[in-house]
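Colleague: Need a 3D model of the following:
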Amino acid sequence: HPVHWFESFYNYRVQSGHHILPSANELIDGHASGVSVKKRLNLVGLGKTPMDSDLEWKLLLENTDMTAFNFGFVPTSMKVFLYEIGQLADANITRAHQFRSDLGRFIGVDDLGEMVKINAAHKSISQAAQERMISICDEEHNHLREVLMTNARDVSRW
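Modeller: Numbers count the residues shown, from 1 in each chain. Model (predicted):
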């Protein structure tokens, strides 16, 4: 989900010591939507979408400043398996089994065994980092969530 992904990525950057990182709400000015646009551009660059209609290009480039991106088309005939990192440790047994089955079929392995277990004993987070981390559901992030969801709807149409 794009809203939870943004929160997770932002907090990861804060925990990793990126002190120059703007506030989450300051990222609305092009950056929040730009992250998702960049993902779309990467898929286009791999040739995984035909881009053969004006509508497809319009949906891709809507509200996008292309000067921020330097990408080229490098189409590949290879298949691409997309997944969200949380799927590696999904607590839902049915979904976890389906993910292992799909990934195994993709790479040609019958039994992947157990997937990665997330270690709950993370490194300690400094007080300064804790103060800069966000909870995306806080009221102060209403507009940010709105921007992320608008972008997500555009991507789903694309």
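
Colleague: Helix, strand, or coil at the residue lying farthest from the centre of the chain?
Modeller: For the chain, the residue at maximal distance from the C-alpha centroid (Cα atoms, centre = their mean) is residue 110, at 28.3 Å. For residue 110, the assignment made with DSSP: H, G, I helix; E, B strand; the rest coil gives coil.

Colleague: so how far is residue 81 from it?
Modeller: 16 Å (Cβ to Cβ, to the nearest Å). (C-beta placed from N, C-alpha, C; glycine too.)

Colleague: tell me the mean pLDDT for the helix or strand in which residue 11 is found?
Modeller: Assigned by DSSP states H and E, residue 11 belongs to helix 2-15. For helix 2-15, mean pLDDT rounds to 83.

Colleague: now stretch 136-148
Modeller: What stretch 136-148 shows for mean pLDDT is 90.

Colleague: Buried residues in it, which are they?
Modeller: 136, 141, 144, 145, 147, 148 (16 or more other Cβ atoms under 10 Å).

Colleague: now stretch 129-136
Modeller: Within stretch 129-136, the residues that count as buried by 16+ other Cβ under 10 Å are 129, 132, 134, 136.

Colleague: Looking at those residues, which is nearest residue 101?
Modeller: Checking the buried residues of stretch 129-136 against residue 101 with Cβ to Cβ, the nearest one is residue 136 at 31.4 Å.

Colleague: tell me the contacts of the closest one?
Modeller: By Cβ atoms under 8 Å, 6 or more residues apart in numbering, residue 136 lies in contact with 3, 4, 6, 7, 24, 144, 145.

Colleague: next one: residue 146
Modeller: Contacts of residue 146 (Cβ under 8 Å, 6+ apart): none.
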